[in-house]
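In: Sequence and predicted model, in that order:
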Amino acid sequence: MQRGGNLNCYYSTIKKEIKNEDYYSNINTAVALGKIHVPLKHKQLASNYVLIKKIFGSSIASIPITNADRATLSRHGFLPLENSTVSQVNRQIDQLKSWANGGDILLAAYANELFEIRIKELKYLRLTITPGRNIEFKDGFRAFEKYVEYIAR
């Protein structure tokens, strides 16, 4: 099938499919997700984290997450932050925002609780990561930190 009158230009009906894994795999996607519908509680937690980080350079106390926090994460299908990939963290950020902005009060409470646990994990990881241990972790915590820093502005 020819398009226009040009014999050298053919019209193709083949569309390139974009997979969700490709879309969510970039760390900068976390920043793009931060531009849309950020709940107030998430902004407050992020501002506290960034303020403490600016003043002290890192969090003061390194408190790891408890077993109850781990159970809460696993109950909602979330892996610990050090075991999460960038695409998983970006999907989780999107999911938490939709839960917090939805009409269900129970889901909004879960979203706020899960975000608090993520902030606690991030504080602990930032204090305990040394250059030698950095290669053990996946890059999900970097995407989450970038998102938190962006929404704190």
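Out: Yep, it's here.

In: Next, the buried residues of the helix ranked longest in the chain.
Out: Scanning the chain for the helix with the most residues, using DSSP state H, yields helix 105-128. If you call a residue buried by 16 or more other Cβ atoms under 10 Å, then helix 105-128 has these buried ones: 107-108, 110-115, 117-126. The C-beta positions use only the backbone N, C-alpha and C, and glycine is treated the same way.

In: Give me the distance between P80 and K43.
Out: 24 Å (Cβ to Cβ, to the nearest Å).

In: more neighbours, the two?
Out: Higher neighbour count among P80 and K43: P80, with 19 against 15, using other Cβ atoms under 10 Å.

In: Can you list the low-confidence ranges for the chain?
Out: Segments of the chain classed as low confidence (criterion: pLDDT under 70) are 1-27, 29-34, 58-62, 130-136.

In: now do 50
Out: 1-4, 6, 8-18 (pLDDT under 50).

In: Dump the helix or strand harbouring A100 to PDB, keeping only the CA atoms.
Out: Element membership for A100 (DSSP states H and E) is helix 86-101. This file holds the C-alpha atoms of helix 86-101, laid out as PDB (Å, rounded to 0.1, in the frame of the first residue of the first chain):
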ATOM      1  CA  VAL A  86      13.900   0.200  40.200                       C
ATOM      2  CA  SER A  87      10.800  -0.900  38.300                       C
ATOM      3  CA  GLN A  88       9.300  -2.600  41.400                       C
ATOM      4  CA  VAL A  89       9.800   0.600  43.500                       C
ATOM      5  CA  ASN A  90       8.300   2.800  40.800                       C
ATOM      6  CA  ARG A  91       5.300   0.500  40.600                       C
ATOM      7  CA  GLN A  92       5.000   0.600  44.400                       C
ATOM      8  CA  ILE A  93       5.200   4.400  44.400                       C
ATOM      9  CA  ASP A  94       2.400   4.600  41.900                       C
ATOM     10  CA  GLN A  95       0.300   2.100  43.800                       C
ATOM     11  CA  LEU A  96       0.800   3.900  47.100                       C
ATOM     12  CA  LYS A  97      -0.200   7.200  45.600                       C
ATOM     13  CA  SER A  98      -3.400   5.600  44.000                       C
ATOM     14  CA  TRP A  99      -4.300   4.000  47.400                       C
ATOM     15  CA  ALA A 100      -3.700   7.300  49.300                       C
ATOM     16  CA  ASN A 101      -5.700   9.400  46.800                       C
END
